[in-house]
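S.K.: Sequence and predicted structure, then a few things I'm wondering about:
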Amino acid sequence: MFEIKARDGPARIGVFSTLHGRVDTPTLMPVVNPNIEFITPKVLENRFKAQMLITNSYIIYRSEDLKKKALSEGIHSSLDFSGAIMTDSGTFQSHVYGEVDLQPEEILSFQRRIGSDVCTILDRFTEPDDSRRLVEEKVEDTIERAKQAMVHRGDQHIALPIQGSVHYDLREYCGSELGKLDGTFYPIGGVVPLLENYRFRELVKVILHSKKGLGPRGPVHLFGAGHPMIYPMAVLLGCDLFDSSSYAKYARRGDMMYPWGTRNIDEIEYLGCECPVCSQIHADELKGLKKDERDLRIAEHNLWISYREMDRVKQAIHEGSLWEMMENRMGSHPAILESLKAIYEGYDILEPYEPKSRRKAFFYTRERSLERPGIKRFIQYLEDGYVPPNPGAPSILFDGTDMRKPYSRYLQNELDMLLPDFRVNLLIKTPMGTVPLELDETYPVAQSIFPKGLTSDGPHGDFIPWSGEDTIGSLNSTKGCSLDEMRIRSICDYQFHPGAGDILTDGELTFNKNRKGRIKNVFLDGRHVLSLRAHDGLFTLKIEGAVLLKEHLSAPIMRVQVEDDSVEFNRQGKNVFAGFITTAWDELKPYDEVLIVDKEDTLVALGRTFLNSREMEVQKKGLAVRVREGLDLE
């Protein structure tokens, strides 16, 4: 069973439960070759804290001695490893040597008999150069083998690899069909040739389209991805597990892995690494070791680097900075940098997982940073969805190029000249484009860091550039509303749903402010409906506000509908868990304000989503909505 514990867009920290303990993802599974004892499984477990490893059942099956030992002792005792073990099936050998002489049922049964925690079906490896017709045949065979495997799955997890070569529609199809089988482990297979030839742009598309077909199921394993320089990118795209034989293969040819690439020991004069291996030896000493000892030290270095990079990825997920980490890492190699474009082109696949705000400010690292899905969605909303609070009124444009943020605080004199004596809309030119001034404290406008002097093209459309008294003289004196009223209406429309601003301001609107003059709480006809969050300029919905929105917004807008068994718990303020949700509004993103209703559309509670609507449909365990207030019928 897979449970999401923390997230940063599509990236997630999760827990995968097995018969031999839990596995915290994302993680690395070192490859253990049962014929070659290099770094032993016991050392991997005790020194490197490996929770899971992968070995090849086909190699064990073909060796009478290894086969006999595995059958009599079980794979865990045979390898001397107490954690989770995944076994591959021989599919990769078919890529290297041609088709293997083995029946799918035969190797899957063997994996079960030796006690593998995750058994892999004998899928058909799709090569990048395979014809479409051949790929279609292999995909259909893989799907059929997966169906047969799930009939006799028992208690063990079955890995159902997604194939399809670089035919992305076939990747989607394969992912979709395997997802219907309710498996528990989904490798993305057939990618080693792409990795070996630095075809990272195609790799990105393979991951994106495999995930699009599969949906938010997991965990997802990227087969053969053992180099740490791709971890930030692959985890950001939704991969949870990685296997690595590279740590050993690279070591045998003297190659040392780093987060930014690879260097051969013969090219290195200064190790420049703080891992336990490199911190105790100089480069010339490492070069002078006997080959077996040198290879072992380099392999250990490669593992330390891989595990530490995964730790950095997890930390970035926790603090909400994985996009920045990924963009910075991808600048380390031209082939990887080229794949950045493919990530941004995956907007439609990634956008549903992107929240409206993040815990950390938006950091601009390169020109295309504005194409991150969450930022692009905000910009598109301003261009296509935003309705000015004073339709038909003149729009005044201020130039914020050299201003500090939030802009409205440094335009107080100008605002006093305009509001409320004139009915106008207010715009500010920012590095993100032209932004309504009433949204200048809302994420990501105020919560962003750009190089000084950076400005945007445009703006486009009709506007009046601010020029002081001359601008005032060009306006008709028609009384308008305050910036605070404009702010409340526009934030509600953006954050909740178009029209929510009218619903939550239709009456006597009052509010109190903090010492800095920012709105703190909003009252409508004396009822507390909203509180403004200081860290992102978005609203926390109160019960009175939730009641109004539920009355005026038709189902399923802003709603999560829960099972009868969950209703009473949610009324008491307890969280909504995956598996107890019947339907969810398909526009819900992580961390959205949400109305929790029963099957009769009666308001039960309100809270904030943790999963998006797609994840709510398929996840069976873990937090789905964090309830803030329950609606007690008494």
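M.R.: Nice, thanks for sending it over.

S.K.: Can you tell me the element Lys356 falls in?
M.R.: Under the criterion DSSP states H and E, no helix or strand holds Lys356.

S.K.: Can you tell me how far it is from Leu606?
M.R.: 17 Å (CB to CB, to the nearest Å). The C-beta positions use only the backbone N, C-alpha and C, and glycine is treated the same way.

S.K.: Who has more neighbours out of those two?
M.R.: Taking other CB atoms under 10 Å, Lys356 and Leu606 do not tie; Leu606 has more neighbours (28 against 20).

S.K.: Quick one: list the elements packing against the helix or strand encompassing that one.
M.R.: Using DSSP H and E, Leu606 sits within strand 603-609. Helices and strands touching strand 603-609, by 3 or more CB pairs under 8 Å, 6 or more residues apart in numbering; DSSP states H and E, are helix 543-552, helix 564-571, strand 593-597, strand 623-630.

S.K.: element containing Pro391, please.
M.R.: Using DSSP H and E, no helix or strand contains Pro391.

S.K.: just Arg201 next, same as before
M.R.: With DSSP H and E as criterion, Arg201 is part of helix 200-214.

S.K.: Now the next helix or strand after that helix: buried residues?
M.R.: As assigned by DSSP H and E, the chain's next helix or strand after helix 200-214 is strand 220-222. Neighbour counts over strand 220-222 (16 or more other CB atoms under 10 Å) mark 220-222 as buried.

S.K.: can you put the residues you listed in a markdown table and add pLDDT and distance to Ala6?
M.R.: Converted to a markdown table, the buried residues of strand 220-222 look like this (pLDDT from 0 to 100; distance: CB to CB, whole Å):
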| residue | pLDDT | distance to Ala6 |
| --- | --- | --- |
| Val220 | 97 | 16 |
| His221 | 97 | 19 |
| Leu222 | 97 | 20 |
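
S.K.: does Asp130 count as helix, strand or coil?
M.R.: Recorded secondary structure, Asp130: coil (DSSP: H, G, I helix; E, B strand; the rest coil).

S.K.: so who does it touch?
M.R.: 138, 165 (CB atoms under 8 Å, 6 or more residues apart in numbering).

S.K.: quick one on the thing from earlier: in JSON lines, list the buried residues of strand 220-222 along with distance to Ser467.
M.R.: Formatted as JSON lines, these follow (distance: CB to CB, whole Å):
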{"residue": "Val220", "distance to Ser467": "56"}
{"residue": "His221", "distance to Ser467": "60"}
{"residue": "Leu222", "distance to Ser467": "56"}
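
S.K.: any idea which of the residues you listed is closest to Asp348?
M.R.: Nearest to Asp348 among these, counting by CB to CB, is Val220 at 18.6 Å.

S.K.: Identify the residues contacting the closest one.
M.R.: With CB under 8 Å, 6+ apart, Val220 has these contacts: 186-188, 210-211, 214, 238-241.

S.K.: Of the helices and strands packed on strand 603-609, flag the one that's most buried.
M.R.: Ranked by mean neighbour count under mean count of other CB atoms under 10 Å, these are led by strand 593-597, which reaches a mean of 25.

S.K.: which strands and helices sit next to that one?
M.R.: Against strand 593-597 (3+ CB pairs under 8 Å, 6+ apart) you get strand 539-541, helix 543-552, strand 559-562, strand 603-609, strand 623-630.

S.K.: thinking again about what came up before, hmm, who's touching the helix holding Arg201?
M.R.: With contact meaning CB under 8 Å, 6+ apart, helix 200-214 is reached by 10, 128, 162, 164, 166, 168-169, 171-179, 186, 188, 190-191, 194-195, 220, 222, 230, 233-234, 237-239, 335-336, 338-339, 341-343, 346, 349-350.

S.K.: Got a PyMOL select line for the buried ones in these?
M.R.: Burial among the contacts of helix 200-214 is assessed by 16+ other CB under 10 Å; the matching PyMOL selection reads:
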select buried, resi 10+128+162+164+166+168+171+172+173+174+175+176+177+178+179+186+188+190+191+194+195+220+222+230+233+234+237+238+239+336+339+342+343+346+349+350
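
S.K.: Worst mean pLDDT across the helices and strands of this structure, which element?
M.R.: helix 91-97 (a mean of 66; mean pLDDT, DSSP states H and E).

S.K.: ok so, going back, take the contacts of Val220 and keep only those in helices.
M.R.: When the contacts of Val220 are checked against helices (DSSP state H), the matches are 210-211, 214.

S.K.: what sits against Met403?
M.R.: By CB under 8 Å, 6+ apart, the neighbours of Met403 are 410-411, 428.

S.K.: quick one: which of those is most hemmed in?
M.R.: Ile428 (27 neighbours).

S.K.: where does it land in three-state SS?
M.R.: Following three-state DSSP, Ile428 is assigned to strand.

S.K.: which residues sit in contact with the nearest residue to it once chain neighbours are set aside?
M.R.: Using CB to CB, 6 or more residues apart in numbering and skipping residues adjacent in sequence, the residue nearest Ile428 is Gly400, 4.5 Å away. Gly400 is in contact with 407, 428-430, counting by CB under 8 Å, 6+ apart.

S.K.: for Lys180, same thing?
M.R.: By CB under 8 Å, 6+ apart, the contact set of Lys180 is empty.

S.K.: Can you give me the pLDDT of it?
M.R.: With respect to pLDDT, Lys180 scores 94.

S.K.: for it, phi and psi?
M.R.: Phi and psi for Lys180, reported as degrees, to the nearest 10, are phi -70, psi -20.

S.K.: can I assume Gly189 is in contact with Glu127?
M.R.: No. With contact defined as CB atoms under 8 Å, Gly189 does not reach Glu127; the gap is 11.2 Å.

S.K.: quick one, which of those two is more surrounded?
M.R.: Gly189 (29 against 15).
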